[in-house]
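S.K.: What follows is a protein structure lacking sequence information:
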């Protein structure tokens with residue numbers, strides 16, 4: 001009797017184990033992650049896919065399930081629709097484009113709206129008279145480097161401090177009219193691929209087909225997006241100046257930050273007019289990218305239906321694949337933003353010399369800019385110098401007009417700025433306050449001269 005009861009108990013337990021072989025099968029908890037899986041981490045995931053073009057073989061390393069599929073789909077659809085067909089006129093072996101061939105170009109700022117790829121501040125050429133309202137991405141990156149440079153404080157009349165950085169640009173051997181970029185892929189790229197493969201296999205082993213199918217779709221949609229986008233090149237292009245062009249010296253400016261670019265027109269053009277774009281060989285690739293974008297959006301929508309139908313184990317496997325890939329995307333995106341930009345910057349401009357001063361007022365800062373850019377052997381045109389002063393010091397009163405003309409004339413002579421009583425005690429100024437203001441402005445110019453002396457001594461020490 002006891003033997004039969006024991007046998008029935010063992011058989012019942014065996015049937016229970018067979019029926020409940022799935023881990024966490026008895027749990028009633030529902031992990032509702034599908035609602036946010038298509039949205040979170042989308043910007044980082046987009047960034048890692050977009051920069052596959054500059055990593056060797058990284059186009060083949062995108063086969064893993066990733067969060068943010070809805071956001072990626074929207075970005076890549078906009079990217080594909082912004083494609084323009086252009087004719088490449090210059091022969092360039094690095095850019096793999098022969099003269100006269102038709103190539104598809106896409107602006108990277110479509111994907112990197114807030115990461116400094118769209119453009120930089122306004123530029124005013126001192127000798128060329130060039131005026132550019134929106135400069136290239138390198139100008140924005142140079143401004144950021146200038147903001148982190150150690151500075152020397154100049155004493156004087158205090159109003160609102162103004163930062164002035166002198167950037168001496170040397171032409172590096174790697175600088176070309178059109179350039180492509182290549183970096184090695186990180187070894188950790190295999191980690192999210194391995195985790196997605198393991199979680200997908202585990203879902204198949206335990207018959208969690210809803211989670212299995214969603215991981216597979218995620219792997220394929222992201223993998224094909226990397227494959228097609230990675231088939232292009234990230235190209236940097238800037239115009240070649242005409243023979244006999246004047247020096248490219250000019251000022252990148254905002255309200256409280258100026259960067260004076262000193263260099264040839266060719267190098268300065270790379271900063272002010274240079275632009276990046278994705279280059280593809282055919283429009284067909286862009287259509288395939290648009291197809292991948294549709295698949296990514298569909299994946300985000302279908303996840304809302306399928307993942308809640310899966311058991312807790314399948315949901316955990318799905319979340320695990322997303323968590324690992326999200327961590328990898330976050331790490332790689334932050335690494336890309338730093339190392340990739342730094343690598344491109346060095347390849348185009350090398351290591352420019354940056355010297356920074358903080359002036360107590362805008363007048364001293366502008367005069368210092370003119371002093372550094374002025375060449376004693378070839379002084380600037382007074383008309384052009386006055387135009388620069390009018391741009392950065394827009395006051396047009398009689399006092400300011402006299403001051404600007406005096407500064408321009410002294411810069412034309414190429415001598416150190418020196419001011420005496422006759423310079424501010426002008427007969428045409430009948431009001432005493434006007435004479436006081438003019439004297440104050442000349443004192444500000446003297447403070448700029450002190451900074452210029454410090455700058456020349458430092459430069460002489462650097463050269464020595």
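M.R.: Looks like it came in fine. What you see is a predicted model; the values in this text were computed from it and never measured.
S.K.: distance of residue 202 from residue 424?
M.R.: Going from residue 202 to residue 424 by CB to CB, to the nearest Å gives 85 Å. No exception for glycine: its C-beta is placed from N, CA and C like everyone else's.
S.K.: cool, and residue 353?
M.R.: In this structure, residue 353 and residue 424 are 36 Å apart, going by CB to CB.
S.K.: The two: which is more packed in?
M.R.: residue 424 (22 against 14; other CB atoms under 10 Å).
S.K.: Any regions of the stretch 351-464 of the chain where pLDDT drops low?
M.R.: Along the stretch 351-464 of the chain, segments meeting pLDDT under 70 span 376-380, 415, 460-464.
S.K.: Apply 80 and report the result again.
M.R.: 374-384, 396, 413-416, 418-430, 458-464 (pLDDT under 80).
S.K.: residue boundaries of the strands in it?
M.R.: Using DSSP state E, counting those that start in this stretch, the strands of the stretch 351-464 of the chain run over 353-359.
S.K.: Equivalent analysis for the chain, please.
M.R.: In order along the chain, the chain carries the following strands (DSSP state E): 55-56, 84-88, 101-106, 122-125, 131-132, 151-153, 162-168, 178-180, 183-184, 233-237, 250-253, 257-262, 275-280, 353-359.
S.K.: Worst mean pLDDT across the helices and strands of this protein, which element?
M.R.: Least confident helix or strand of the chain, by mean pLDDT, DSSP states H and E, is helix 2-19 with a mean of 48.
S.K.: want to throw the strands of the chain into TSV with distance to residue 450?
M.R.: Below are the strands of the chain laid out as TSV (distance: least, CB to CB, whole Å):
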stretch	distance to residue 450
strand 55-56	49
strand 84-88	51
strand 101-106	49
strand 122-125	24
strand 131-132	30
strand 151-153	11
strand 162-168	13
strand 178-180	41
strand 183-184	45
strand 233-237	39
strand 250-253	20
strand 257-262	17
strand 275-280	39
strand 353-359	10
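S.K.: Going along the chain, name the helices of the stretch 351-464 of the chain.
M.R.: With DSSP state H, counting those that start in this stretch as the criterion, the stretch 351-464 of the chain has helices at 362-373, 382-392, 398-413, 421-424, 432-463.
S.K.: should've said the stretch 51-200 of the chain
M.R.: Per DSSP H, counting those that start in this stretch, the stretch 51-200 of the chain carries helices over the ranges 69-81, 137-147, 190-205.
S.K.: ok, back up a step: name the stretch among the strands of the chain that sits most buried.
M.R.: Highest mean neighbour count of the strands of the chain: strand 250-253, a mean of 25 (counted as mean count of other CB atoms under 10 Å).
S.K.: which other helices and strands contact that one?
M.R.: strand 122-125, helix 137-147, strand 257-262, helix 265-272, helix 382-392 (3 or more CB pairs under 8 Å, 6 or more residues apart in numbering; DSSP states H and E).
S.K.: mind running it again at 6 Å?
M.R.: strand 122-125, strand 257-262 (3 or more CB pairs under 6 Å, 6 or more residues apart in numbering; DSSP states H and E).
S.K.: Go through these and name the closest to residue 402.
M.R.: Residue 402 lies closest, by CB to CB, to one member of these: strand 122-125, at 22.7 Å.
S.K.: Note down every partner strand of the closest one and its orientation.
M.R.: Sheet pairing of strand 122-125 (DSSP bridges) gives strand 131-132 (antiparallel), strand 250-253 (antiparallel).
S.K.: what's the distance between it and the middle of its chain?
M.R.: Distance of strand 122-125 from its chain centroid, counting by CA atoms, centre = their mean, to the nearest Å, is 20 Å.
S.K.: what comes into contact with that strand?
M.R.: 131, 132, 133, 135, 250, 251, 252, 272, 391 (CB atoms under 6 Å, 6 or more residues apart in numbering).
S.K.: Looking at those, which is nearest residue 206?
M.R.: Compare each of those with residue 206 using CB to CB and the shortest gap goes to residue 135, at 57.0 Å.
S.K.: Any idea what the closest one is bridged to?
M.R.: Beta bridges link residue 135 to residue 120, judged by DSSP bridges.
S.K.: Dump the helices and strands packed on strand 250-253 to TSV, plus mean pLDDT and distance to residue 73.
M.R.: Output for the helices and strands packed on strand 250-253, formatted as TSV (pLDDT from 0 to 100; distance: least, CB to CB, whole Å):
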stretch	mean pLDDT	distance to residue 73
strand 122-125	87	36
strand 257-262	91	38
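S.K.: Distance to residue 280 added to the ones you listed, as JSON lines?
M.R.: Below are these laid out as JSON lines (distance: least, CB to CB, whole Å):
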{"stretch": "strand 122-125", "distance to residue 280": "30"}
{"stretch": "strand 257-262", "distance to residue 280": "33"}
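S.K.: Let me know the pLDDT of the closest residue to residue 146 other than its chain neighbours.
M.R.: Once flanking residues are discounted, residue 146 sits nearest to residue 165: 3.9 Å by CB to CB, 6 or more residues apart in numbering. The model reports residue 165 with a pLDDT of 93.
S.K.: So residue 165 versus residue 444, what's the distance?
M.R.: Distance, residue 165 to residue 444, by CB to CB: 19 Å.
S.K.: Can you point out the buried residues in stretch 148-162?
M.R.: Residues 151, 154, 156, 162 are the ones in stretch 148-162 that count as buried (16 or more other CB atoms under 10 Å).
S.K.: now do stretch 311-330
M.R.: Neighbour-count burial for stretch 311-330, counted by 16+ other CB under 10 Å, picks out 311-322, 324-330.
S.K.: Equivalent analysis for stretch 218-228, please.
M.R.: Buried, per 16+ other CB under 10 Å, within stretch 218-228: 218, 219, 221, 222, 223, 224, 225, 226, 227, 228.
S.K.: If I look at the residue nearest to the last one when sequence neighbours are not counted, what pLDDT would I see?
M.R.: With CB to CB, 6+ apart as the criterion, residue 228 has its nearest non-adjacent residue at 4.5 Å, and that residue is residue 288. Model confidence at residue 288, given as pLDDT, is 82.
S.K.: isn't residue 288 right next to residue 229, touching?
M.R.: No - taking CB atoms under 6 Å as the definition, residue 288 is not a contact partner of residue 229, at 9.3 Å.
S.K.: Mind checking which of those two has more residues around it?
M.R.: Taking other CB under 10 Å, residue 288 and residue 229 do not tie; residue 229 has more neighbours (27 against 19).
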